[in-house]
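Peer 1: What shape does this take:
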Amino acid sequence: MRVADQTHNLYDFEVERDILFFKVNRHGLVSFHGVNYNLKKPMTREQLAALMKEGTFAAVASDCYVNLKKVLSMNDDCVCLGADATETKKLPLSKRQLQGLKSRVVASHRISS
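Peer 2: A predicted model of the protein is given here:
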């Protein structure tokens, strides 16, 4: 049996690359959702504002933000997020939230092209 030599910090991740969506609770605790994990990390308002300023994340609810670069598809009641079709996570959304997300995804693809 092999044991890893280095200790891995759970908070060591790149938000734009690794996170599909995140949710913020009232006390500044942010729940990050990746393909195979969920992590909670305290963040300040300034740190959250910096995430929003980049334009990678879009608000779909008052406390939920989706990574626009990770949107694979949208159905009538959910959005599929992931790096490719084999690693996806579904996030249920209302029709109103999905419509707003669709317009943001289209706008972000126009800007990046």
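
Peer 1: Just list whatever residues bridge to the nearest residue to Lys102 once chain neighbours are set aside.
Peer 2: Leaving aside its sequence neighbours, Lys102 sits nearest to Met74 (CB to CB, 6 or more residues apart in numbering; 6.3 Å). C-betas here are computed from N, CA, C, even on glycine. In this entry, Met74 is beta-bridged to Val79, by DSSP bridges.

Peer 1: again with Phe22
Peer 2: Phe32, Tyr65.

Peer 1: show me the contacts for it.
Peer 2: By CB atoms under 8 Å, 6 or more residues apart in numbering, the contact list for Phe22 reads 15, 30-33, 57, 64-65.

Peer 1: before we move on, back to that, next one, pLDDT for the residue nearest to Lys102 please.
Peer 2: For Met74, the pLDDT comes out at 92.

Peer 1: ranking the contacts of Phe22 by neighbours, who comes first?
Peer 2: Neighbour count (other CB atoms under 10 Å) singles out Phe57 as the most crowded of the contacts of Phe22, with 23 neighbours.

Peer 1: Tell me the bridge partners for it.
Peer 2: Asn67.

Peer 1: That one contacts Val66, correct?
Peer 2: Yes. Using CB atoms under 8 Å, Phe57 is in contact with Val66, at 6.6 Å.

Peer 1: what is in contact with the two at once?
Peer 2: Common neighbours of Phe57 and Val66 (CB under 8 Å, 6+ apart) are Phe21.

Peer 1: Where is pLDDT lowest across the contacts of Phe22?
Peer 2: In terms of pLDDT, Val15 ranks lowest among those, with 81.
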